[in-house]
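Novice: Next comes the sequence, and after it the predicted model I'd like to discuss.
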Amino acid sequence: SQQGEEDPQALSIQEGENATMNCSYKTSINNLQWYRQNSGRGLVHLILIRSNEREKHSGRLRVTLDTSKKSSSLLITASRAADTASYFCAASTGFQKLVFGTGTRLLVSP
Amino acid sequence: SAVISQKPSRDICQRGTSLTIQCQVDSQVTMMFWYRQQPGQSLTLIATANQGSEATYESGFVIDKFPISRPNLTFSTLTVSNMSPEDSSIYLCSAETGSYEQYFGPGTRLTVT
């Protein structure tokens, strides 16, 4: 299977804490994208990092990419209860096709 | 970005029937895709919907089971044919906007009984 792996599978933290999720993929990529999914609904696009970038920020999100290790991480700082969701990384291979990771379920408790 | 809508949002269907899911994008896009998300799982790409030509299917997915149409640059349909309970999933369409970012519709939750 080409599917990527994410860890941890589940993460439980308190509001105000930081959450870090890791993603590994198997093939060469053009870019890597992170998504949030609330309760089996549609995916919300969070951030795209290109293969020639090492770090990218968007608000409380920080994404890193290490192409030599075929890995990426998503850091959410100062988490809120509203951040409770599943988070997926998706590696863009040829023809803009996305190969998704297994996902991390994040629970942020008030 | 792109705003994508899907119809229906959910449906309960009987074994052996077919369901067509519609996907509408609020702007013209080059690339549209269909994904499946089985219960508790991640997303798997079914096919790339090509405008004006046959869809390109991923390994494990065939046109007879998942026929796809793409009549123009803003619209696509996916049909799930001869359904069985194993087809119970969320089906999502997506569109790539030209900036490589891929946006998703809200999904269609299908239950087959």
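Specialist: That came through fine. Residues are numbered from 1 along each chain as shown, chains lettered A, B, ... in the order given.

Novice: any idea how far stretch B:74-91 is from the chain center?
Specialist: 7 Å (C-alpha atoms, centre = their mean, to the nearest Å).

Novice: where does chain B dip in pLDDT?
Specialist: The model of chain B has no residue with pLDDT under 70.

Novice: residues contacting the residue at minimal distance from the centre of it?
Specialist: Nearest residue to the geometric centre of chain B (C-alpha atoms, centre = their mean): residue B:34, 3.5 Å. With contacts defined as C-beta atoms under 8 Å, 6 or more residues apart in numbering or on different chains, residue B:34 is in contact with B:23, B:45-47, B:49, B:66, B:68, B:76, B:78, B:91-94. Heads up, the C-betas are built off the backbone N, CA and C, glycines and all.

Novice: What is the subsequent helix or strand relative to the helix or strand hosting it?
Specialist: Applying DSSP states H and E as the criterion places residue B:34 in strand B:31-37. On the C-terminal side of strand B:31-37, the closest following helix or strand by DSSP H and E is strand B:43-49.

Novice: Check the gap between the residue lying farthest from the centre of chain B and residue B:31 for me.
Specialist: Distance to the chain centre peaks in chain B at residue B:99, reaching 21.2 Å (criterion: C-alpha atoms, centre = their mean). For residue B:99, the distance to residue B:31 equals 11 Å [C-beta to C-beta, to the nearest Å].

Novice: which residues does the nearest residue to residue A:71 once chain neighbours are set aside contact?
Specialist: Take residue A:71 and drop its neighbours on the chain: the residue closest to it by C-beta to C-beta, 6 or more residues apart in numbering or on different chains is residue A:24, 4.8 Å away. With contact set as C-beta under 8 Å, 6+ apart, residue A:24 has these partners: A:4, A:5, A:6, A:69, A:70, A:71, A:72, A:101.

Novice: so how far is residue A:70 from residue A:24?
Specialist: Taken as C-beta to C-beta, the span from residue A:24 to residue A:70 is 6 Å.

Novice: Show me the contact partners of stretch B:54-61.
Specialist: Contacts to stretch B:54-61, defined as C-beta under 8 Å, 6+ apart, come from residues B:44, B:45, B:46, B:47, B:48, B:49, B:50, B:63, B:66, B:68, B:70.

Novice: Sorry, slip of the keys, the one I care about is stretch A:77-85.
Specialist: With C-beta under 8 Å, 6+ apart, stretch A:77-85 has contacts from A:13, A:15-19, A:36-39, A:60-62, A:76, A:105-110.

Novice: just checking, which of these belong to strands?
Specialist: Assigned to strands by DSSP state E, the following of the contacts of stretch A:77-85 qualify: A:13, A:19, A:36, A:37, A:61, A:62, A:76, A:105, A:106, A:107, A:108, A:109.

Novice: Return the residues in contact with the first one.
Specialist: The neighbours of residue A:13, taking C-beta under 8 Å, 6+ apart as the test, are A:19, A:79, A:106, A:107, A:108, A:109.

Novice: Would you quantify the distance from it to residue A:79?
Specialist: Residue A:13 sits 6 Å away from residue A:79, taking C-beta to C-beta as the criterion.

Novice: go on, the fifth one?
Specialist: The gap separating residue A:61 from residue A:79 is 11 Å, by C-beta to C-beta.

Novice: cool, the last one as well?
Specialist: According to C-beta to C-beta, residue A:109 and residue A:79 sit 10 Å apart.

Novice: the more surrounded of those two?
Specialist: Neighbour totals were compared for residue A:109 and residue A:79, and residue A:79 leads with 21 against 11 (other C-beta atoms under 10 Å in any protein chain shown).
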